[in-house]
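**Student:** Coordinates only, no sequence provided:
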């Protein structure tokens, strides 16, 4: 086991291959001590190794996927161009149907929630709605009180700023 030399709170590891103490206190030796104190543990090294291996595999799979998609696009492009008069109306029709259906479902959900809220059945999220409404009411009342308290000051300043108004 290596012998350590202690001076104050810091411990100094010996630099092997050097014989005098001036080399132990050199900037090179202090850099080596700093590197040793900040070196990663074996579990951190295995974690980094796993990260690099899994990242490399995922990068490889990404490259294979992009290559296959590009080749497939080039191979099937003539078929896509020939059959495009059929596909364009189909995509427009399906997209329009899905848009209208999604908007209808969203509208029904909002109307159903509002109906249950106003009937007092406490739907999901009604407590947050009540809290927000209370906060808005409190803030508005504080602003109104502040305006009543300091309103004369602002009206007086407005008269000074525009005397002819």
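**Tutor:** Thanks, I have the structure now. All values reported here derive from a predicted model rather than from experimental measurement. Numbering: from 1, shown residues only.
**Student:** what are the ranges of the helices in this protein?
**Tutor:** Secondary structure of the chain (DSSP state H): helices at 21-24, 27-37, 42-82, 84-118, 126-161.
**Student:** Please render those helices as CSV that adds mean neighbour count to the earlier fields.
**Tutor:** No exception for glycine: its C-beta is placed from N, CA and C like everyone else's. As requested, the helices of the chain are exported to CSV (neighbours: other Cβ atoms under 10 Å):
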stretch, mean neighbour count
helix 21-24, 12
helix 27-37, 11
helix 42-82, 10
helix 84-118, 10
helix 126-161, 10
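**Student:** looking at the ones you listed, which has the lowest confidence?
**Tutor:** Ranked by mean pLDDT, the helices of the chain end with helix 21-24 at the bottom, a mean of 54.
**Student:** got the domain boundaries for this protein?
**Tutor:** The chain breaks down by the TED database into domains covering 44-84, 89-123, 126-154.
**Student:** okay if I get those as a markdown table plus distance to residue 28?
**Tutor:** Listed next are the domains of the chain as a markdown table, based on distance: least, Cβ to Cβ, whole Å:
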| stretch | distance to residue 28 |
| --- | --- |
| domain 44-84 | 25 |
| domain 89-123 | 68 |
| domain 126-154 | 62 |
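**Student:** residue contacts, residue 87?
**Tutor:** Contact analysis of residue 87 by Cβ atoms under 8 Å, 6 or more residues apart in numbering lists residue 80.
**Student:** What are the contacting residues of stretch 115-124?
**Tutor:** Residues contacting stretch 115-124 (Cβ under 8 Å, 6+ apart): 113, 126, 129.
**Student:** Identify, from these, the entry nearest to residue 85.
**Tutor:** Of all the contacts of stretch 115-124, residue 85 sits closest to residue 113, with 43.6 Å by Cβ to Cβ.
**Student:** I'd like to know how many residues surround the closest residue to the closest one other than its chain neighbours.
**Tutor:** What sits nearest to residue 113 in space, not counting adjacent residues and going by Cβ to Cβ, 6 or more residues apart in numbering, is residue 123, at 5.1 Å. Residue 123: 14 surrounding residues under other Cβ atoms under 10 Å.
**Student:** okay, residue 123: pLDDT?
**Tutor:** 87.
**Student:** Over to it: give its phi and psi.
**Tutor:** When quoted as degrees, to the nearest 10, the phi and psi of residue 123 stand at phi -70, psi 170.
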